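[1] sequence and predicted structure below; questions after.
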Amino acid sequence: MRKPFVAGNWKMNKTIAETRDLISAMTEKLNEIKNVEKVVCPPFISLQTAHELLRNTEIGVGAQNMFWEEKGAFTGEVAPAMIKELCDYVILGHSERRAYFGETDALVNKKLLAAQKFDLTPIVCVGETLEQYESNQTSQVVSAQTKLGLADVPADFAPRIVVAYEPVWAIGTGKASTGEAANVVIKDVIRKSIAELYGESTAQAIRVLYGGSVTGANAKEFFSQPDIDGALVGGASLKVDDFIQIVKQTQ
Ligand code: PGA
């Protein structure tokens with residue numbers, strides 16, 4: 001049985017003061033929803049605030065990125081050990097990092113190996129662009145991203161990886177995929193690729209989320225699919241009622 005998982009990716013939104021307000025406004029209600037792993041991912045600079053506010057709750061904290069090296073002359077980067085003091089999760093390979101900051105599958109894989117080393121639960125994002133979708137390349141693209149991004153971790157760590165299937169054309173557009181279409185990609189491409197890397201039981205153990213314009217109104221459509229274990233939520237995770245509504249739909 002895979003435990004449902006919902007993470008809020010705040011992206012580059014909220015100051016430290018605003019983080020305090022948003023987390024304070026959602027903590028009690030969010031904490032009441034059981035049997036689902038709940039995580040908020042604010043910007044680096046707010047991780048300390050999130051960590052302090054959520055310390056005695058069942059709500060986890062995640063970073064949105066990290067560097068793979070342990071320390072040194074890498075101006076502007078943040079090391080795995082630094083975020084590990086403040087959180088237990090890290091989003092890797094988000095399509096915005098791939099598109100705007102040149103992240104490749106090889107870089108995502110280095111970060112994944114660093115996450116394993118520092119005992120962070122990685123949320124690895126994969127998904128095709130609109131152009132790739134329209135030219136029927138979804139399977140090919142998502143399978144390559146999964147196999148290259150998830151390669152070479154120790155077999156005992158692999159089941160801990162969380163994968164988020166986020167079609168780029170669905171992110172921030174208000175045009176979500178459908179439950180059925182997302183389930184097909186997750187089952188026939190993502191779990192199949194994981195099975196090729198780590199075997200069928202790991203492919204069945206790994207949580208795979210859907211992401212891209214998830215709202216309280218459409219979350220159930222995704223969560224009711226057999227291969228979708230939750231959501232990576234962007235825009236709606238910045239609104240208390242919407243985020244709580246989404247998390248409730250896992251019940
Ligand atoms: P969205 O973003 O929910 O705003 O579409 C999802 C994501 O980028 O993780």
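    Nice, I can see it.
[2] ok, which residues in the stretch 1-150 of the chain are in contact with the ligand?
    Listed as neighbours of the ligand in the stretch 1-150 of the chain under the rule Cβ under 6 Å from any ligand atom: residue 9. All C-beta atoms are positioned from the backbone trio N, CA, C, and that covers glycine.
[3] in the stretch 1-150 of the chain, what residue comes closest to the ligand?
    residue 9 (4.2 Å; Cβ to the nearest ligand atom).
[4] enumerate the beta-bridge partners assigned to that residue.
    Beta-bridge pairing for residue 9 (DSSP bridges): residue 41.
[5] tell me which residues touch it, please.
    By Cβ atoms under 8 Å, 6 or more residues apart in numbering, the residues touching residue 9 are 41, 64, 91, 94, 211, 232-234, 237.
[6] try 7 Å
    Neighbour list for residue 9: 41, 64, 91, 232-234, 237 [criterion: Cβ atoms under 7 Å, 6 or more residues apart in numbering].
[7] if any of these are buried, give me the ChimeraX selection for them.
    Burial among those is assessed by 16 or more other Cβ atoms under 10 Å; the matching ChimeraX selection reads:
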select :41,64,91,232,233,234,237
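[8] quickly check the contacts of residue 9 for the two that are furthest apart.
    Across the contacts of residue 9, the longest distance by Cβ to Cβ is 13.0 Å; it joins 64 and 233.
[9] in a strand, residue 18, correct?
    No - if the criterion is DSSP: H, G, I helix; E, B strand; the rest coil, then residue 18 is helix and not within a strand.
[10] report pLDDT for it.
    Here, the pLDDT recorded for residue 18 equals 98.
[11] burial measure for it, as a count.
    When neighbours are defined as other Cβ atoms under 10 Å, residue 18 has 15 of them.
[12] cool, and residue 113?
    For residue 113, using other Cβ under 10 Å, the count is 18.
[13] that one: what secondary structure?
    Residue 113 ends up helix, using three-state DSSP.
[14] who's in contact with it?
    Applying Cβ under 7 Å, 6+ apart, we find residue 113 in contact with 152-153.
[15] so for it, what's the pLDDT?
    Per-residue pLDDT puts residue 113 at 98.
[16] what of residue 2?
    Residue 2 is assigned a pLDDT of 97 by the prediction.
[17] what's the helix or strand for it?
    Using DSSP states H and E, residue 2 sits in no helix or strand.
[18] surely it and residue 207 touch.
    Yes - between residue 2 and residue 207 a contact is recorded at 5.2 Å, counting by Cβ atoms under 7 Å.
[19] more neighbours: which of those two?
    residue 207 (20 against 14).
[20] now for that one: which residues touch it?
    With contact set as Cβ under 7 Å, 6+ apart, residue 207 has these partners: 2, 5, 162, 229-230.
[21] with residue 248 instead?
    Listed by Cβ under 7 Å, 6+ apart, the contact set of residue 248 reads residue 33.
[22] just read off the phi/psi values of it.
    phi -60, psi -30 (degrees, to the nearest 10).
[23] pLDDT value on it, please?
    Reported pLDDT at residue 248 in the predicted model: 98.
[24] any idea how far it lies from the ligand?
    Here the distance between residue 248 and the ligand works out to 17 Å (Cβ to the nearest ligand atom, to the nearest Å).
[25] swap in residue 174?
    Residue 174 is 8 Å from the ligand, by Cβ to the nearest ligand atom.
[26] which residue does the stretch 101-250 of the chain have closest to the ligand?
    For the stretch 101-250 of the chain, Cβ to the nearest ligand atom, closest residue to the ligand: residue 234, 2.2 Å.
[27] how confident was the prediction at that residue?
    For residue 234, pLDDT reads 98.
[28] which residue sits closest to it, ignoring its sequence neighbours?
    Leaving out its chain neighbours, the residue that sits closest to residue 234 by Cβ to Cβ, 6 or more residues apart in numbering is residue 9, at 5.1 Å.
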